[in-house]
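**Q** Sequence plus predicted model, see below.
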Amino acid sequence: MARLSPAEKIKRIHRVMCAWEDFAPESVFYGHTLEQFKAAVRASEETRALINDLQRRLRVAIHDRNVADAESMCLCADVANGVKGNPRHGGDSAVYAAMGYVRGSVRRRRRRKGK
């Protein structure tokens, strides 16, 4: 027998609960009344609700991180351009290289092809 996915498990729980409610609401099965059964399976439903909330919050947090990263990257580029445009430092300085950019003096020059 194949294992059930979490979605299939909750469907099975609801199917059992609905059948019990519809056909034998006053009966006791395996030492449980219908209300006791509902109380026992409430943890499964509450945990699924918690997981859904956490997944939604994670999606929102990832979106917020991506927006903040985009703004931060623009600011980093602006700062690097500020270093490059500063007469004391410029595009050939150690500060510019330490920021992860290639100094102008190290940059390769393209060679022209001869005719």
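**A** Ah, there it is. This one's a predicted model, so the numbers in the text were calculated from it and none came from an experiment. Numbers count the residues shown, from 1 in each chain.
**Q** Give the full set of residues in contact with P6.
**A** Shown in contact with P6 (Cβ atoms under 8 Å, 6 or more residues apart in numbering): R48. From N, CA and C alone the C-beta is placed, and that goes for glycine too.
**Q** Likewise for L4?
**A** R12.
**Q** How far does the strand or helix carrying A70 sit from its chain's centre?
**A** Element membership of A70, judged by DSSP states H and E, is helix 34-85. The chain centroid and the centroid of helix 34-85 are separated by 5 Å, computed with Cα atoms, centre = their mean, to the nearest Å.
**Q** Which secondary structure elements does the helix or strand just after it sit against?
**A** Using DSSP H and E, the helix or strand that follows helix 34-85 in sequence is helix 94-98. On a contact count with 3 or more Cβ pairs under 8 Å, 6 or more residues apart in numbering; DSSP states H and E, helix 94-98 meets helix 34-85.
**Q** average pLDDT for the helix holding A70?
**A** For helix 34-85, the mean per-residue pLDDT is 96.
**Q** and what of stretch 93-103?
**A** Per-residue scores along stretch 93-103 average to 91.
**Q** List of residues touching it?
**A** By Cβ under 8 Å, 6+ apart, stretch 93-103 touches C76, V79, A80, V83, K84, H89, G90, G91, D92, V106.
**Q** Repeat the analysis, applying 6 Å as the threshold.
**A** Contact partners of stretch 93-103, identified using Cβ atoms under 6 Å, 6 or more residues apart in numbering, comprise A80, V83, H89, D92.
**Q** mind checking the end-to-end distance for it?
**A** In stretch 93-103, first residue to last residue: 7 Å (Cα to Cα, to the nearest Å).
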